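A.B. asks: let me see the structure of the following:
(chains A and B)
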Amino acid sequence: MEMVRRLKIRNSLGLHARAAAKIVELADRYESELFLKKDGRQVDGSNILSILTLACPKGTDMEVRIIGEDSEQFMTELDALFQGKFGENK
Amino acid sequence: MNEDAVAGEKSLKGIAVYPGIVIGKAQLVDRSKVKIQYQYLVNTEHLNGEVGRFEEALRVVEKEIASLKNGMAEKVNDLSFILDSHLMILKDNMLRDSTIRAIRDEKINAEWALKKSLEKIRKVFEQIDDEYISNRISDVENVTERILRTLSGKAQQSLSEIDRRVIVVAHDLSPADTTELNLGRVMGFITDVGGRTSHTAIVAQALEIPAIVGLESATDVVADGDLLIVDGSTGVVVVNPDDRAIIYYQEKKLQLEDYRSSIARQSHLPALTPDGQRITVMANIEFLEEVTAVRNYGGEGIGLYRTEFLYLRSKGFPEEEDLFEDYREIAELMAPESVNIRTLDIGGDKFVSELEITKEMNPALGLRAIRFCLKRPEIFKTQLRAILRASVHGHIRLIFPMISGLQELLDAKDILEQVKMDLDRDHIPYNEKMEVGIMVEIPSAVVMAGVLARHVDFFSIGTNDLIQYSLAIDRVNEHVAHMYQPFDPALIRMIGRVVTAGRSEGIRVTLCGEMAGDPLCVPILLGLGLDALSMNARSMPLIKKIVRAMPMSQARDDLKEIMGLYTVHEVQQYLFERIGGMFPELREKGYL
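C.D. replies: Got it, this is the predicted structure:
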């Protein structure tokens, strides 16, 4: 199964190392594959360096694609992570 | 036998920042030091072996990082995050797959292939506009270096040192480096750059580890695994000494330790001059863990609690609750003695990545300390709230750093009032009578001390910065560090001016900074009439000992003489004769 959604970066620091690490951590827990896309460039969401190279500041809208059995649950959690500003208070 | 005779050819001289002698193996902390070999591999069998070797190295490094993480106290959560991200980098396609591909496609050895992957990643990161993200390349370098070290067999070697303890040899140690080091294994520090008050020096003193800075060429001369003698009393490092030198220094080490414990045994006695003048001796600390040393060495409170550490070790800003717990604990541990908490003095050489401060040409003159806090009041308020809340748990005083004039002081006090009102509104208790003071460490504040004194409860003279700003000396620049002098006639007069201003307004004047712990400075500071001296904990026993032997009347006479001397050299010579005459053993043991 494949799910595609657009998610917004809401924390003030943008998609920096700590936030990227949280995405990778989540990706490691799911069977499904995760891809993040910004400005036409798509990267593997289980690779911290690739995520960082997207260089997403606050306000970035990114296309998130999850492919696999547990993609729905994965997407729900990922959405919550983005919504919750990656656990940061700003 | 004298020292020149044993020093031999390979010896270096630098600035001694913590006395004591250690003999041990060198560990270079220069991350670019692993020399790699470039090799083409001809047959496929070798290529498979090479891929296997690379994967094995990844496993070893993974274990290494994981065990680092497990061995860490819970408190350093943020460090644990860094290690987590290193584990992720280790598994990253850009590093792992691309290295394996390069080994196979280009038929090259693992080290070379890994280096190529790093360069590829570096190119990608260099193009990223966001400076914070592009700087993350340093994490990739760190991981790559670990892998290279494992591939070259160096990691094993450096861990199997005598006692598993080493002497760290580095070009310079940043605050971040020192939090990453396994300090339990460090028996000494030597660095190429730095002065008496550089971060390395402060850490070495806090941990009571012999250290020498400003050696200029230590990382060139010393190789990983060399046997070193570090004499933190004279600033001499002997590289690969012969047996004679080792015996000589072992003997010297024993004598020094005997002497130190004889002084320490009297450290609980008050600093009372023979003619009955009492001076308070307090400690400057950076870590909560130092409180034990402060107690053991007879400290009468914490004269300066540097609060940067909690900010440095976390990537974001610490939570109010974490700050509060830290301040409460230290206040309770020291009660009824006072704890003087200096608010955030970040900036300058204590740069923090997450603060996102753009690179400044001249950080010491830039956005730091109170200037930074006034610009980011939400960060400032969090800290003030934590301090105020902790103030009911012991005897806490507040110090604003880097005040350059009245307006800044009024602005800072204004924010403090706002925080108090917030606490009132939330019905959170705090000590309404908490005393507020300022660091006098900028020449303009010295000039205006008479006015500033009307608005504060006490002055704390910060000599480290005051010397830097008055004499225009960058204390970490090895070319001018020798001019960074507490004996400068101008500085002595400036301190005198602040004491006089404090007296006429009836407020206390304390001096903190390395000068307070310098045995040679005791006559000056007693003579000028300071109320308290705050220094590194380990200096307290000796300073107390000197005060107990020095009548106030004599200190005043000395000061009069010194005011008639107009060069650093003359002042230093006078004090050297005076203190050296009173305590010849100090001269012999390298304390002066």
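A.B. asks: where in the stretch 151-300 of chain B is pLDDT low?
C.D. replies: Within the stretch 151-300 of chain B, the ranges that satisfy pLDDT under 70 run B:153-164, B:174-184, B:196-199, B:206.
A.B. asks: what residues does chain A put near chain B?
C.D. replies: A:13-14, A:16-18, A:20-21, A:24-25, A:44, A:47-50, A:52-53, A:55, A:57, A:88 (C-beta under 8 Å from any C-beta of the partner chain). Where you see a C-beta, it was placed from the backbone N, CA and C, and this is true even at glycine.
A.B. asks: of these, buried ones?
C.D. replies: A:13-14, A:16-18, A:20-21, A:24, A:44, A:47-50, A:52-53, A:55, A:88 (16 or more other C-beta atoms under 10 Å in any protein chain shown).
A.B. asks: tell me the first helix or strand C-terminal of the helix or strand harbouring A:Ala20.
C.D. replies: Using DSSP states H and E, A:Ala20 falls within helix A:17-29. Toward the C-terminal end, the helix or strand that comes next after helix A:17-29 (DSSP H and E) is strand A:33-38.
A.B. asks: count of neighbours near B:Ile330?
C.D. replies: 24 (other C-beta atoms under 10 Å in any protein chain shown).
A.B. asks: return the distance of B:Asp192 relative to B:Val446.
C.D. replies: Remark: distance between B:Asp192 and B:Val446 (C-beta to C-beta, to the nearest Å) = 33 Å.
A.B. asks: scratch that, B:Ile128
C.D. replies: For B:Ile128, the distance to B:Val446 - C-beta to C-beta - is 45 Å.
A.B. asks: which one's more surrounded, these two?
C.D. replies: The neighbour comparison of B:Ile128 against B:Val446 (other C-beta under 10 Å) goes to B:Val446, with 23 against 17.
A.B. asks: just the buried positions in the one helix or strand that one maps to, please.
C.D. replies: Applying DSSP H and E as the criterion places B:Val446 in helix B:443-447. Within helix B:443-447, the residues that count as buried by 16+ other C-beta under 10 Å are B:445-446.
A.B. asks: would you mind pulling up the elements that it packs against?
C.D. replies: helix B:463-471, helix B:489-505 (3 or more C-beta pairs under 8 Å, 6 or more residues apart in numbering or on different chains; DSSP states H and E).
A.B. asks: could you identify which of those is most buried?
C.D. replies: helix B:463-471 (a mean of 21; mean count of other C-beta atoms under 10 Å in any protein chain shown).
A.B. asks: any idea of the mean pLDDT for that helix?
C.D. replies: Throughout helix B:463-471, pLDDT has a mean value of 94.
A.B. asks: follow-up on the earlier one: which one of the helices and strands packed on helix B:443-447 lies closest to B:Glu55?
C.D. replies: B:Glu55 sits nearest to helix B:463-471 of all the helices and strands packed on helix B:443-447, at 49.7 Å, using C-beta to C-beta.
A.B. asks: could you export that closest one as PDB, CA atoms only?
C.D. replies: Presented in PDB, the C-alpha positions along helix B:463-471 are these (Å, rounded to 0.1, in the frame of the first residue of the first chain):
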ATOM      1  CA  THR B 463      39.800  39.900  36.500                       C
ATOM      2  CA  ASN B 464      40.000  37.400  33.600                       C
ATOM      3  CA  ASP B 465      38.000  39.600  31.400                       C
ATOM      4  CA  LEU B 466      39.000  42.900  32.900                       C
ATOM      5  CA  ILE B 467      42.700  42.100  32.000                       C
ATOM      6  CA  GLN B 468      41.700  41.100  28.500                       C
ATOM      7  CA  TYR B 469      39.600  44.200  27.900                       C
ATOM      8  CA  SER B 470      41.900  46.700  29.600                       C
ATOM      9  CA  LEU B 471      45.200  45.500  28.100                       C
END
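A.B. asks: make TSV out of the helices and strands packed on helix B:443-447 and add distance to B:Leu410.
C.D. replies: Shown next, in TSV, are those (distance: least, C-beta to C-beta, whole Å):
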stretch	distance to B:Leu410
helix B:463-471	21
helix B:489-505	16
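A.B. asks: which one of those helices lies nearest to B:Ser117?
C.D. replies: It's helix B:463-471; of the helices and strands packed on helix B:443-447, that one is closest to B:Ser117 (C-beta to C-beta) at 42.9 Å.
A.B. asks: for the closest one, give me every contacting residue.
C.D. replies: For helix B:463-471, the external contacting residues (C-beta atoms under 8 Å, 6 or more residues apart in numbering or on different chains) are B:197, B:364, B:402, B:439-443, B:446, B:473-475, B:483-486, B:488, B:490-491, B:494-495, B:511-516.
A.B. asks: what do you get for stretch B:264-275?
C.D. replies: If you take C-beta under 8 Å, 6+ apart as the criterion, stretch B:264-275 is touched by B:278-281, B:296-298, B:300, B:526, B:540-541, B:543-545, B:547-553, B:555.
A.B. asks: center of chain A - which residue?
C.D. replies: A:Ile23 (5.4 Å; C-alpha atoms, centre = their mean).
A.B. asks: the helix holding A:Ala20 vs strand A:33-38, what angle?
C.D. replies: 150 degrees (axes from the mean of the first three to the mean of the last three C-alpha atoms, to 10 degrees).
A.B. asks: from the contact counts, what lies against helix A:17-29?
C.D. replies: Using 3+ C-beta pairs under 8 Å, 6+ apart: helix A:17-29 touches strand A:33-38, helix A:48-53, helix A:71-83, helix B:77-90.
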